[in-house]
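Colleague: What would the 3D arrangement of this be:
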Amino acid sequence: MWNKRSEGDPRQAGPAPPEALEPARAVRPAEPSGQVAVLGRSVVVKGDIHSQQDLTIEGEVQGTVEAVGHRLTIGPNGNLQTKGVKAREVIVMGRMRGSVEATEKVYIRKDAQLVGDVHTAGIVIEDGGYFKGGIDIRKEVPPADQ
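Modeller: The predicted model follows:
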């Protein structure tokens, strides 16, 4: 027959050893890959943002955004009014007004709006996406041999 006490019922056990009460210490890198900072729907920011990781904006931002070397995403509910954005990659799913400088690519998704000039190596505008502004496609030119 089954006996609870012989199975180690936690209610019948003595106090836990001290090492079991200490929090686990995991070694984490200074900047975990795959981490994204998110500004939620109810967040309103008036000022400049400098991010050292990927950033998603679901709320309202008025000011410049710099995520150099990282991805900036304007979510479906996001609204960005800016003088300028600098990032590796910019994905617009909501509304954005202002200039964009992306080292790799700019994506304007279905139902998104981007009004402003774009400087990038590549751009994708999905059917249904709205864009008004100028596009400057920049390609890296290899240094001349000497």
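Colleague: Would you point out which residue is most central in the protein?
Modeller: L55 (2.4 Å; C-alpha atoms, centre = their mean).
Colleague: Provide the secondary structure category for N77.
Modeller: Classification of N77 by DSSP: H, G, I helix; E, B strand; the rest coil places it in coil.
Colleague: Now do the phi/psi pair for it.
Modeller: When read as degrees, to the nearest 10, the backbone of N77 gives phi -100, psi 0.
Colleague: ok, which stretches of this protein are helices?
Modeller: Here the chain has its helices, by DSSP state H, at 18-21.
Colleague: Would you point out the helix or strand in it whose mean pLDDT is lowest?
Modeller: Between all helices and strands in the chain, the lowest mean by mean pLDDT, DSSP states H and E belongs to helix 18-21, at a mean of 45.
Colleague: The residue nearest to the centre of the chain and V36 touch, don't they?
Modeller: Yes: contact status for L55 versus V36: in contact at 7.0 Å, counting by C-beta atoms under 8 Å. (Glycine included, C-beta is placed from N, CA and C.)
Colleague: For these two, list the residues in contact with both.
Modeller: T73 (C-beta atoms under 8 Å, 6 or more residues apart in numbering).
Colleague: Any idea what N79 is bridged to?
Modeller: E60, R95 (DSSP bridges).
Colleague: and it, what is it in contact with?
Modeller: Taking C-beta under 8 Å, 6+ apart, we find N79 in contact with G59, E60, V61, G94, R95, M96.
Colleague: okay, L39: pLDDT?
Modeller: Per-residue pLDDT puts L39 at 88.
Colleague: Same question for the one 5 residues further on.
Modeller: Among the per-residue scores, V44 shows a pLDDT of 90.
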